[in-house]
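[1] I need the structure of the sequence given here:
(one chain, ligands or ions: 1)
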Amino acid sequence: MNEPQPEPRRSKLSFFRSRTLFFILLPVFPLVSVYKSVCAWEAPFGLEWPVAAVLFTLLLISLAVSMKRGKDYLPQASILWSLLLFSVACDCACNLYAFTTPWQLPTSILMMMGCVCLLWVTLRWGSLLLWTPFIFLQLAQQVAFHHYGTRLNSLVLAETMEASAEELLTYLTPFNMSMAVAALLGTALFFFWLGRLLRRTHSKWSLLNAGLLFCLMGYLVGVVLPPHKRKPEYFWPAVEAYDLFLACSEALLHNQATIEQAEGLPLPTQKTSSMDILKGGEGVVLVVHIGESVRADRMSLNGYEKDTTPWLRAQPNLINFPHCISAACDTCQAQIAILTNARRDVWNKQPEMQPTTGSVLELFNAHGFDVYSFFGQRCGQKLKYDRVVRVLTKCSKERFNAPGSPWTSLPQIASVVDSNTKENILVFINNEGSHTPFHHYDKKFAPFLPSATNFQNPAAHAEEVNNAYDNTVHYTDEYIRRVVQALRGRPFIYLYISDHGEYLGHDGIWGRAALGESKFNYHNTTGCRVGMFVLTSPEFEKLHPHFVTALQQMRANSTKTVGHEHIFHTLLGLFKISTPYYDASLDLCSGMMQPYSGPMPENDSQS
Ligand SMILES: [Zn+2]
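    Residues are numbered from 1 along each chain as shown. Reported below is the predicted structural model:
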């Protein structure tokens, strides 16, 4: 069983069956790819040589042991060629970086061959349980990247874990599902064939030697590159598997950290606060509407060529903020940034950017406002969204979920307003808005046609998908018109701000997953510019001279770049609620207001 196999020499083809030819040809591609790098050699390296030295030493030890035991020191030529073909196929099909420049396909092919051998030696058939899901995920990543411009990083995974059933179904189309099943079965069969092949090697030691040799070769080819060109991704699949593991654990931590942040904040009512300008019984309605996925540049209010916001555009007393930067591409973190005194997302490590107190709604509740919350149908899934929004709207006297379309909440809002004619009330709204899959609009009277949500291949259906999105913005415009109609005659102020944007091919992305890489970092993309405006009734301004000056100042500040960080303090400033948490430099109603200066796309600041 373990005796070296005599190499067949019967035909001209026999040369291809020899290991000599394999090892003569194997280095050709790596050498071609590193030729330029060797010429521009940049030494010394950091940890690279010690790692290479360890691999080399292990290889020497393994070779020595196999020779001493009289085992074949390398697998048969047929297995080596099959391994090479297998790795080339896997790499070309699944490795997102296979054809990026500088060309590092040889590195990853060598790495793949090495990893297959080493994992088979350690886990035998068990290794296929690791390979099959890994290759499947890599195939999924290829599809995700080419259709949606997205990598499976921690943000995407965190959002996928928290996606509503409706959102997930947009991506799980019958075609995508059958492709996924076929890919999973194909991958399993592919690896089953590999397992049967590897089982035929004469000794475990020969595979260990080959694994260490291929890994060492791949590693050396990778580290020959100058440091500024070297990317960990080139060491696919080893680094990719590690990255996926990190992304998964980061996603779980990320979601947990957001929930813990919201749940761990002390209430702002724990410190002394006061409000003098309203005594109670004025019948004031304060609407705080957190919009969903509305990009500023898709509102005709901000110059978009399609008239998506005809009603808002015609309101003479509207205070529009065309330059508003959202804090996070994650709904929950954006809501924390809007409703608490947080200035950035949970990842920001500067302590002064993190919240020190909870929801501003609590302060209004403490000063005579009954809070009524109106959610879309998403609520009640017991996901991160529900837990966070529940904490932030804890003081609600009543909560409403709108089954079906957001318009079903209109009679609920009207009934709350009508049954509280004398009371001051705060109406909190957060429904589906323009969230994927852009379903919420009046299909019978859709203004922009053809319109359909095709997330099978959005780039190929760009017109329909963009129209569907624009229809949802138009629908929100009509929704706001109807809410305002219910408030007619009341002193009201309506504040609208969207949580994050959406990508419709913008920045090369579809959907809502900004990438972690610097080029696609959320705040380097146009997706972080969101819709924001304030609407008031004449009755509101008549209540107190402070409201007149506050709104004048707000209008004066409206051309500046603002952010989610301004909302908490603006609501306090507008109603003159004094609390130690108030900061005039973040109050849009204050002459001391400072524009948003956090991360945003270049050439985007207005001050
Ligand atoms: Zn959202």
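[2] W81 contacts F23, correct?
    No: look at W81 against F23 with Cβ atoms under 8 Å: they stay out of range, at 11.3 Å. Placement of C-beta: from N, CA and C, glycine included.
[3] Compare these two (neighbour count), which wins?
    For the pair W81 and F23, the greater number of neighbours falls to W81 (16 against 13), based on other Cβ atoms under 10 Å.
[4] Give the closest residue to that one in space, chain neighbours not counted.
    In space, and not counting its chain neighbours, W81 is closest to F22: 6.3 Å by Cβ to Cβ, 6 or more residues apart in numbering.
[5] Can you give me the neighbour number for the one you found?
    For F22, the neighbour count with other Cβ under 10 Å is 18.
[6] what's the answer for F134, then?
    Neighbour count of F134, defined by other Cβ under 10 Å: 19.
[7] separation between the closest residue to it other than its chain neighbours and the ion?
    Leaving out its chain neighbours, the residue that sits closest to F134 by Cβ to Cβ, 6+ apart is A241, at 5.8 Å. Relative to the ion, A241 is positioned 31 Å away (Cβ to the ion, to the nearest Å).
[8] So what's the gap between the helix or strand harbouring A241 and the chain middle?
    Using DSSP states H and E, A241 maps to helix 238-264. Centroid displacement of helix 238-264 relative to its chain, using Cα atoms, centre = their mean, to the nearest Å, is 12 Å.
[9] The residue nearest to F134 touches L137, doesn't it?
    No: the pair A241 and L137 does not pass the contact test of Cβ under 8 Å, sitting 9.3 Å apart.
[10] Next, count neighbours for the residue of the chain at minimum distance from the ion.
    For the chain and the ion, the shortest gap (Cβ to the ion) falls at T331, measuring 3.1 Å. Number of residues near T331 (other Cβ under 10 Å) recorded here: 24.
[11] sorry, back to before: just give the number of residues close to the residue nearest to F134.
    When neighbours are defined as other Cβ under 10 Å, A241 has 16 of them.
[12] pLDDT weak spots in the stretch 101-250 of the chain?
    Low-confidence segments of the stretch 101-250 of the chain (pLDDT under 70): 101-103, 149-150, 155, 162, 225-233.
[13] So which residues on it come close to the ion?
    Where proximity means Cβ under 5 Å from the ion, the stretch 101-250 of the chain presents no interface facing the ion.
[14] what ranges do the helices span in the stretch 101-250 of the chain?
    Ranges of helices within the stretch 101-250 of the chain are 105-123, 126-148, 154-162, 165-171, 174-198, 204-223, 238-264, based on DSSP state H, counting those that start in this stretch.
[15] list the contacts for the residue nearest to M113 when sequence neighbours are not counted?
    Of all residues not flanking M113 in the chain, F214 sits nearest, at 4.3 Å (Cβ to Cβ, 6+ apart). Neighbouring residues of F214 by Cβ atoms under 8 Å, 6 or more residues apart in numbering: 110-111, 113-114, 117.
[16] at 7 Å instead, please
    By Cβ atoms under 7 Å, 6 or more residues apart in numbering, the residues touching F214 are 110, 113-114, 117.
[17] Pull the most distant pair out of the residues you listed.
    Greatest spacing in the contacts of F214, by Cβ to Cβ: L110 and C117 (11.0 Å).
[18] before we move on, the earlier item: distance of the residue nearest to F134 relative to Q138?
    In this view, A241 and Q138 are 9 Å apart by Cβ to Cβ, to the nearest Å.
[19] With L110 instead?
    17 Å.
[20] Tell me which of the two has more neighbours.
    When L110 and Q138 are compared for neighbours, L110 comes out ahead with 28 against 23, by other Cβ under 10 Å.
[21] Name the nearest residue to the more buried one, sequence neighbours excluded.
    Leaving aside its sequence neighbours, L110 sits nearest to G218 (Cβ to Cβ, 6+ apart; 3.2 Å).
[22] go on, Y73?
    Leaving aside its chain neighbours, Y73 sits nearest to S66 (5.0 Å; criterion: Cβ to Cβ, 6+ apart).
[23] Which strand or helix spans F428?
    Element membership of F428 [criterion: DSSP H and E] is strand 424-430.
[24] what about the stretch 351-500 of the chain, any weak spots by pLDDT?
    Judged by pLDDT under 70, the stretches of the stretch 351-500 of the chain that qualify are 377-383, 404.
[25] just so I have it, where are all the helices in it?
    361-366, 384-392, 410-418, 462-486.
[26] TSV for those helices, including distance to the ion and mean neighbour count?
    Output for those, formatted as TSV (distance: least, Cβ to the ion, whole Å; neighbours: other Cβ atoms under 10 Å):
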stretch	distance to the ion	mean neighbour count
helix 361-366	18	22
helix 384-392	8	21
helix 410-418	21	16
helix 462-486	13	21
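[27] Any chance of TSV for those, columns distance to N424?
    Formatted as TSV, the helices of the stretch 351-500 of the chain follow (distance: least, Cβ to Cβ, whole Å):
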stretch	distance to N424
helix 361-366	8
helix 384-392	20
helix 410-418	12
helix 462-486	16
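[28] E565 is nearest to which of these?
    Closest approach to E565 among the helices of the stretch 351-500 of the chain is made by helix 384-392 (15.6 Å; Cβ to Cβ).
[29] Which elements pack onto the closest one?
    helix 238-264, helix 331-339 (3 or more Cβ pairs under 7 Å, 6 or more residues apart in numbering; DSSP states H and E).
[30] what's the spacing between the strand or helix carrying the residue nearest to W81 and its chain's center?
    In the assignment (DSSP H and E), F22 maps to helix 19-25. Put simply, helix 19-25 sits 46 Å off its chain's centre (Cα atoms, centre = their mean).
[31] same deal with stretch 19-31?
    For stretch 19-31, the distance to the chain centre is 42 Å (Cα atoms, centre = their mean).
[32] With just CA atoms, put it into PDB.
    What follows is stretch 19-31, C-alpha atoms only, in PDB (Å, rounded to 0.1, in the frame of the first residue of the first chain):
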ATOM      1  CA  ARG A  19       5.700  14.600 -10.800                       C
ATOM      2  CA  THR A  20       8.800  16.200 -12.400                       C
ATOM      3  CA  LEU A  21       6.800  17.900 -15.100                       C
ATOM      4  CA  PHE A  22       4.200  19.000 -12.500                       C
ATOM      5  CA  PHE A  23       6.900  20.700 -10.500                       C
ATOM      6  CA  ILE A  24       8.600  22.200 -13.500                       C
ATOM      7  CA  LEU A  25       5.400  23.800 -14.700                       C
ATOM      8  CA  LEU A  26       3.900  24.700 -11.400                       C
ATOM      9  CA  PRO A  27       6.200  27.700 -10.600                       C
ATOM     10  CA  VAL A  28       5.800  29.300 -14.100                       C
ATOM     11  CA  PHE A  29       2.700  31.300 -13.400                       C
ATOM     12  CA  PRO A  30       3.800  32.500  -9.900                       C
ATOM     13  CA  LEU A  31       7.200  33.500 -11.400                       C
END
